[in-house]
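>>> show me how the following folds:
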Amino acid sequence: MNREYNNLKKKVTNYQEVLTNTRAYRTVWNEELRDKIVDQLTTISKEVELDAKVEVKSELENLQAIVFSLGTVKSGMYQEVNDSIKRHMIKQNGSLIYQQLFNGKIIVIINYPFIEGYGQPQPPKTVAIYRPEELKEPFFIRHMEEFITEVYNWEDYDDDEKPGADRDQKIGFKLNFEKEKE
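Sure thing, here's the model as predicted:
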């Protein structure tokens, strides 16, 4: 083979490997991973007594999703239409989603709670993207912990503490410039 083609040949080989992986990942999803994720999420919610629904969304082949949802409720806020009619604002309590990507990998997403008709929903948070063999049992608990933390922070929102902010950070002209001298 001509030397000029060596680099291109490597790229073609890599491309073919990716296509093979995609087919393999899809097979693993259908044969075992989908059910494993459902079982893990169901077990965790039972163990910690968390009222949730696990649902498989399978409208599109090879783009399926598993949704761990905290449900939908009346928000407690409503508009009085007249003396006898109240239009309740509905609250989505948030969800943790495991979804197949086009390449067979799995993306884990947190959908934040939101109240319909009250501002805009917060954009979803991507937790991570995994190859099927990377999704081990401890990851599901970590994902659930992160999900509950995010939902808790949303529910307990105020402007006193920003999630992820350095709580020990001090603000002030003198304090900030004294650190530079050290």
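>>> quick one: the residue nearest the centre of the chain and residue 17, what's the gap?
Centroid-nearest residue in the chain, with Cα atoms, centre = their mean: residue 109, separated by 1.6 Å. Distance, residue 109 to residue 17, by Cβ to Cβ, to the nearest Å: 27 Å. In short, each C-beta sits where N, CA and C put it, glycine included.
>>> likewise for residue 101?
In terms of Cβ to Cβ, residue 101 sits 17 Å off from residue 17.
>>> go on, residue 121?
Counting by Cβ to Cβ, the gap from residue 121 to residue 17 is 38 Å.
>>> can you check residue 41 too?
Using Cβ to Cβ, residue 41 is found at 31 Å from residue 17.
>>> these two: who's more crowded?
More crowded of residue 41 and residue 17, by other Cβ atoms under 10 Å: residue 41, with 22 against 10.
>>> which of the helices or strands spans the more buried one?
Counting by DSSP states H and E, the element that carries residue 41 is helix 34-47.
>>> helices along the protein, start to end?
For the chain, the helices defined by DSSP state H cover 6-28, 34-47, 137-155, 173-181.
>>> so which of the ones you listed is nearest residue 79?
Of all the helices of the chain, it is helix 137-155 that lies closest to residue 79, at 22.0 Å by Cβ to Cβ.
>>> and that closest one, what does it pack against?
Secondary-structure packing of helix 137-155 (3 or more Cβ pairs under 8 Å, 6 or more residues apart in numbering; DSSP states H and E): helix 34-47, strand 95-100, strand 106-111, strand 125-130.
>>> so can I have TSV of those showing mean pLDDT and distance to residue 58?
Formatted as TSV, those follow (pLDDT from 0 to 100; distance: least, Cβ to Cβ, whole Å):
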stretch	mean pLDDT	distance to residue 58
helix 34-47	96	9
strand 95-100	97	10
strand 106-111	97	15
strand 125-130	97	20
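>>> dump the residue contacts of the residue nearest to the centre of the chain.
By Cβ atoms under 8 Å, 6 or more residues apart in numbering, the contact set of residue 109 is 96-97, 99, 124-127.
>>> now residue 103
The contact partners of residue 103, taken as Cβ under 8 Å, 6+ apart, are 18, 21-22, 25.
>>> among these, name the buried ones.
Listed as buried from the contacts of residue 103 are 22, 25; burial here means 16 or more other Cβ atoms under 10 Å.
>>> just name the closest of the contacts of residue 103 to residue 35, please.
Taking Cβ to Cβ as the measure, residue 25 is the one of the contacts of residue 103 closest to residue 35, at 15.4 Å.
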